[in-house]
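Peer 1: Provide a 3D model corresponding to the input given below.
(one chain, ligands or ions: 1)
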Amino acid sequence: MSTIGIRNFRPKVHFTPNKAWMNDPNGMIYVDGIYHLFYQHYPDDTVWGPMHWGHATSTDLLHWSHKPIALYPDELGYIFSGSCVYDKDNSSGFGTKNKPPIIAMYTSHGECEQQSIAFSTDGIHFEKFDGNPVITNPGISDFRDPKMFWNSIKNCWSLVLAAGDRVHFYSSENLKEWKKTGEFKSSKELIPGVWECPDLFPFDTEEGVKWVLLVSMGTDISYGKAVTQYFIGDFNGDTFICNEPLQEPLLVDHGFDNYAGVTFHNSNDTIFMGWALNWGYAPKTPTNDYCGQMTIARKLSLLKTDKGYRLSNSPVGIEPFKSNAQELDNNAELGYETFGLSISGEGVSSIILENEKKQQLIIGVDEDNYIYVDRSNGGAIDFHEQFSMSEYCKAKSRRFRKGKYEIDIIFDVSILEVFADDGLNTLTLVVYPDSPYTKIRTEGDIELKIYPIE
Ligand code: FRU
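Peer 2: Residues are numbered from 1 along each chain as shown. Alright, predicted model coming up:
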């Protein structure tokens with residue numbers, strides 16, 4: 001059970017399920033002006049259970065409308081994570097040229113993990129293929145989370161899926177018959193653990209096309225239990241090749257609450273959303289009738305830094321709100337529970353959000369040039385023993401730049417997202433203050449603007 005919270009912690013512009021449990025985003029796709037979000041869902045309780053695909057749609061990625069459950073468990077098993085593609089030439093034959101189908105591929109998690117498909121011509125009702133599974137299990141216990149994409153190198157459909165400590169690639173002409181084309185495993189085990197929820201997508205850079213492979217890692221507490229790492233390299237049409245010798249893992253987000261994130265299919269930009277929670281303590285978060293939220297949608301790009309290209313995350317849809325930003329004095333009253341902050345600063349400095357119980361959420365830059373978030377006294381921490389452990393109190397991320405910094409913050413009732421230096425450093429953390437933060441204070445050389453988001 002989610003523990004009983006003392007107030008309503010439901011964020012306003014971060015997606016939450018109507019009720020009950022949610023984990024990974026699945027099958028995210030943009031079709032006819034509508035963003036579809038499917039998600040791992042157990043509708044009967046606020047803890048993980050037999051997985052369904054829940055469904056919601058949005059036109060702005062901030063406000064969502066709930067749709068009927070898209071996929072129910074069946075004789076092949078629970079409906080684990082996967083993806084959707086828009087089959088606009090009807091290569092699968094499940095639609096028509098005039099009514100192209102959306103094809104969903106998910107992992108059937110039963111006696112073993114194998115991949116199945118379902119199709120829809122209205123984006124709401126899905127019918128499962130009677131030839132499932134389309135990819136059988138090759139004898140690997142963790143064999144899941146297929147992410148399909150259009151392979152522009154070989155002019156066919158491809159997918160990447162997690163297989164233990166690596167990913168496998170498959171390709172297909174018709175989305176029904178798939179053959180394996182390759183594998184990728186890191187040359188060095190940078191983070192130990194099971195690979196989950198991969199994704200692969202390209203970016204144009206000054207140095208030509210570079211491909212990014214995302215992998216979420218179910219790992220141990222020394223790595224924050226649940227992190228999403230990425231590799232930068234090439235895709236030759238069959239497999240991914242990593243040409244950057246990595247000393248340390250590259251992480252999409254340095255907070256504790258951004259896991260299993262992947263990108264939308266068929267959108268113009270590369271738009272990412274993650275599950276904004278952590279397996280370490282998720283089921284006991286004090287959110288009453290629901291459990292879990294998604295991160296805000298983020299546009300991903302690659303930016304050049306002194307260390308080479310790195311992923312940058314930029315929140316989608318908040319520009320109209322940001323253009324109304326007002327200057328804020330030190331020690332100001334905070335009039336909103338959902339707001340953005342634009343911060344310019346230099347040197348050791350911090351921003352403190354505080355409530356009437358003197359609980360404080362601190363965001364700052366330290367003497368070693370790390371951006372950090374300290375939630376140790378931000379609100380309730382004793383609902384789960386792991387949440388109150390020091391490992392989960394303070395998150396930090398080393399800046400790629402020196403000197404002056406710009407930080408964008410989005411705070412939404414019980415979730416904080418920090419985007420520093422053009423989104424090169426990102427930290428996402430949940431926090432459960434007993435009462436809303438009503439004051440904002442700064443220390444050090446900082447200028448601040450605030451804007452409500454609704
Ligand atoms: C990641 C994950 C996936 C799996 C799903 C099950 O959080 O473990 O690998 O498909 O959750 O709900």
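
Peer 1: Run through the bridge partners of the residue in the stretch 351-454 of the chain positioned nearest to the ligand.
Peer 2: Per C-beta to the nearest ligand atom, residue 428 is where the stretch 351-454 of the chain lies closest to the ligand, at 15.2 Å. (Glycine included, C-beta is placed from N, CA and C.) Under DSSP bridges, the beta-bridge partners of residue 428 are residue 417.

Peer 1: what's it in contact with, if anything?
Peer 2: 253, 255-258, 274, 276, 295, 415-418 (C-beta atoms under 8 Å, 6 or more residues apart in numbering).

Peer 1: now swap in residue 263 and tell me
Peer 2: Counting by C-beta under 8 Å, 6+ apart, residue 263 touches 28, 199, 201, 214, 270-272, 300.

Peer 1: Look at the residue in the stretch 101-250 of the chain that the ligand sits nearest to and tell me its secondary structure.
Peer 2: Nearest residue of the stretch 101-250 of the chain to the ligand, counting by C-beta to the nearest ligand atom: residue 196, 3.6 Å away. Of the three states, residue 196 takes strand according to DSSP: H, G, I helix; E, B strand; the rest coil.

Peer 1: what pLDDT does the closest residue to residue 214 other than its chain neighbours get?
Peer 2: Among residues not flanking residue 214 along the chain, residue 199 sits closest, at 4.4 Å (C-beta to C-beta, 6 or more residues apart in numbering). With respect to pLDDT, residue 199 scores 98.

Peer 1: what about residue 199, neighbour count?
Peer 2: For residue 199, the neighbour count with other C-beta atoms under 10 Å is 23.

Peer 1: quick one: what helix or strand has it in it?
Peer 2: Following DSSP states H and E, one finds residue 199 within strand 194-205.

Peer 1: Quick check: residues of the stretch 51-200 of the chain near the ligand?
Peer 2: 51, 80-81, 107, 144-145, 196-197 (C-beta under 6 Å from any ligand atom).

Peer 1: thinking residue 234 is in contact with residue 243, fair?
Peer 2: Yes: in this structure, residue 234 is within contact of residue 243 by C-beta atoms under 8 Å, at 6.5 Å.

Peer 1: who's residue 195 bridged to?
Peer 2: residue 217.

Peer 1: Contact partners for it?
Peer 2: Per C-beta under 8 Å, 6+ apart, neighbours of residue 195: 142, 162-167, 215-217.

Peer 1: cutoff 10 Å now
Peer 2: Neighbour list for residue 195: 142, 144-145, 161-167, 184-186, 215-219, 229 [criterion: C-beta atoms under 10 Å, 6 or more residues apart in numbering].

Peer 1: just to revisit the earlier point, measure the nearest residue to the residue of the stretch 101-250 of the chain closest to the ligand once chain neighbours are set aside to residue 167 for me?
Peer 2: Nearest residue to residue 196, sequence neighbours excluded (C-beta to C-beta, 6+ apart): residue 216, at 4.6 Å. According to C-beta to C-beta, to the nearest Å, residue 216 stands 11 Å off from residue 167.

Peer 1: any common contacting residues for these two?
Peer 2: Common neighbours of residue 216 and residue 167 (C-beta under 10 Å, 6+ apart) are 145, 195, 198-199.

Peer 1: of all those, which two lie farthest apart?
Peer 2: Farthest-apart pair in those is 195 and 199; separation 11.8 Å (C-beta to C-beta).

Peer 1: how does the protein divide up, domain by domain?
Peer 2: Per the record, the chain has its domains at 20-315, 319-452, by automatic domain parsing.

Peer 1: what's the most buried one of the ones you listed?
Peer 2: Of all the domains of the chain, domain 20-315 has the most neighbours on average by mean count of other C-beta atoms under 10 Å, namely a mean of 19.

Peer 1: Checking the closest residue to residue 88 other than its chain neighbours next. Helix, strand or coil?
Peer 2: Spatial nearest neighbour of residue 88, excluding adjacent residues (C-beta to C-beta, 6+ apart): residue 100 at 4.6 Å. Using three-state DSSP, the secondary structure recorded for residue 100 is coil.

Peer 1: quick one on the thing from earlier: report pLDDT for the residue nearest to residue 196.
Peer 2: Taking residue 216 on its own, its pLDDT is 96.

Peer 1: closest point of the stretch 201-350 of the chain to the ligand, which residue?
Peer 2: residue 260 (4.2 Å).

Peer 1: Find residues that contact each of residue 234 and residue 243.
Peer 2: Joint contacts of residue 234 and residue 243 (C-beta under 10 Å, 6+ apart) are residue 210.

Peer 1: hmm, back to that, pLDDT at the residue of the stretch 101-250 of the chain closest to the ligand, what is it?
Peer 2: Note for residue 196: predicted pLDDT of 97.

Peer 1: OK, contacts around it?
Peer 2: Contacts of residue 196 by C-beta under 10 Å, 6+ apart are 24, 80-81, 142, 144-145, 161-162, 215-218, 226, 228, 259-260.
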